[in-house]
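>>> Kindly return the folded structure for what I paste below:
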Amino acid sequence: MTTLRERVRDGADLRGTFLNLGSPLVAEVLALSGFDWLLVDLEHGSRSEDALIGQLLAGAAHDVPVFVRVESPERIRVGHVLDLGACGVMFPRLDTPEEVRAAVAHLWYPPQGDRGVATYNRARSFGGDPRDSASVNNDVVGVVQIESAVAVEHVASIAAIPGVDALFVGPSDLSASLGVPGQLDAPIFLDALDAVIRAAKAANVAAGILTGDPEGVEALNERGFSFVAVASDSALLRRAALHATSRSHS
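Residues are numbered from 1 along each chain as shown. Below you'll find the predicted structure:
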């Protein structure tokens, strides 16, 4: 059976969305809506780790993997979300290869990494998981965000680091760092996107990106992005609500 990590690295078309409302019921609605993955956003979302377990359970109920974007790359933060059952971790705002190596080490049990070893948690079936540490390590997906000009400068080296399974562009932060905030058609921003895609292809990992436009996903796929987040729970809700209250379509 092909694992999620293998599908990500192989460049399968995997579409997800961000969860920032912190609601298990909203997570379940989206898990039933055809997304390939969901991501609980602890960096910018409205809830903290106290609301994480309900959203993880909502995804699991419908066989939709749930990633978590951690607030920061500290070992304890990464290990906790993995112990709760996250399929992988998205690391925000890592700029250098040194930062990335330190962060991805938290994804793995020793000797490969420095994740704390515990087998009585949800991720390990509360003691019923027969897998060894190496097998568990091989299943965790590491997603590193490329959100600054410095990260773009180092993107080829970052992509080649073991444990990096996807490079994920944060358009707002990256465009701001490049001096063209919100100008997603600016040549310098488009050049940065191409640099990320080239680095991902060279390292045989996925290139990912967030888009607010569901109609633009195919164009992003054609450009080379396979791991695409389509907006967020709140943005999708607002879009649907505005459509429902618009008189122009009635």
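>>> okay, which residue is most central for the protein?
Per CA atoms, centre = their mean, the C-alpha nearest to the average position across the chain is that of residue 90, at 4.4 Å.
>>> That residue is in contact with residue 70, isn't it?
Yes: at 7.4 Å, residue 90 counts as touching residue 70 under the criterion of CB atoms under 8 Å. Glycine gets a C-beta too; all of them are placed from N, C-alpha and C.
>>> And the closest residue to residue 4 other than its chain neighbours, how far from residue 40?
For residue 4, ignoring the flanking residues on the chain, the nearest one in space by CB to CB, 6 or more residues apart in numbering is residue 65 at 5.4 Å. Going from residue 65 to residue 40 by CB to CB, to the nearest Å gives 11 Å.
>>> neighbour count winner among those two?
residue 40 (28 against 23; other CB atoms under 10 Å).
>>> tell me the SS of that one?
Three-state assignment for residue 40 (DSSP: H, G, I helix; E, B strand; the rest coil): strand.
>>> what bridges to the residue nearest to the centre of the chain?
Beta bridges link residue 90 to residue 69, residue 143 when assigned by DSSP bridges.
>>> so who does it touch?
Residues in contact with residue 90, defined by CB atoms under 8 Å, 6 or more residues apart in numbering, are 39, 67-70, 143-145, 168.
>>> nearest to residue 29, of those residues?
Residue 29 has its nearest neighbour among these in residue 39, at 15.2 Å by CB to CB.
>>> I'd like to know which elements the longest helix along the chain is packed against.
Taking DSSP state H as the criterion, the chain has its longest helix at helix 187-203. Using 3 or more CB pairs under 8 Å, 6 or more residues apart in numbering; DSSP states H and E, the elements in contact with helix 187-203 are helix 149-153, helix 155-159, strand 166-169, helix 171-177, strand 206-211.
>>> What are the buried residues along the second one?
With burial defined by 16 or more other CB atoms under 10 Å, the residues of helix 155-159 counted as buried are 155-156, 158-159.
>>> Now render the residues you listed as CSV, adding distance to residue 7.
CSV is the format used below for the buried residues of helix 155-159 (distance: CB to CB, whole Å):
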residue, distance to residue 7
155, 22
156, 23
158, 21
159, 18
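>>> Farthest pair within those?
Longest span within the buried residues of helix 155-159, CB to CB: 156 and 158, 7.3 Å.
>>> give the contact list for residue 40.
Contacts of residue 40 by CB under 8 Å, 6+ apart are 19, 22, 27, 52, 55-56, 66-69, 86.
>>> That one bridge partners, please.
residue 19, residue 68.
>>> low pLDDT regions in this structure?
248-250 (pLDDT under 70).
>>> for it, what spans make up the helices?
Under DSSP H, the chain gives helices at 4-9, 24-31, 52-61, 75-84, 97-104, 133-139, 149-153, 155-159, 171-177, 187-203, 217-223, 233-245.
>>> These: which one's closest to residue 210?
Per CB to CB, nearest to residue 210 of the helices of the chain: helix 171-177, 6.1 Å.
>>> Give the buried residues for that closest one.
Neighbour count says helix 171-177 has 171, 173-177 buried, by 16+ other CB under 10 Å.
>>> Same question for stretch 164-172.
Applying 16+ other CB under 10 Å to stretch 164-172 flags 164-171 as buried.
>>> Perfect, I'm done here.
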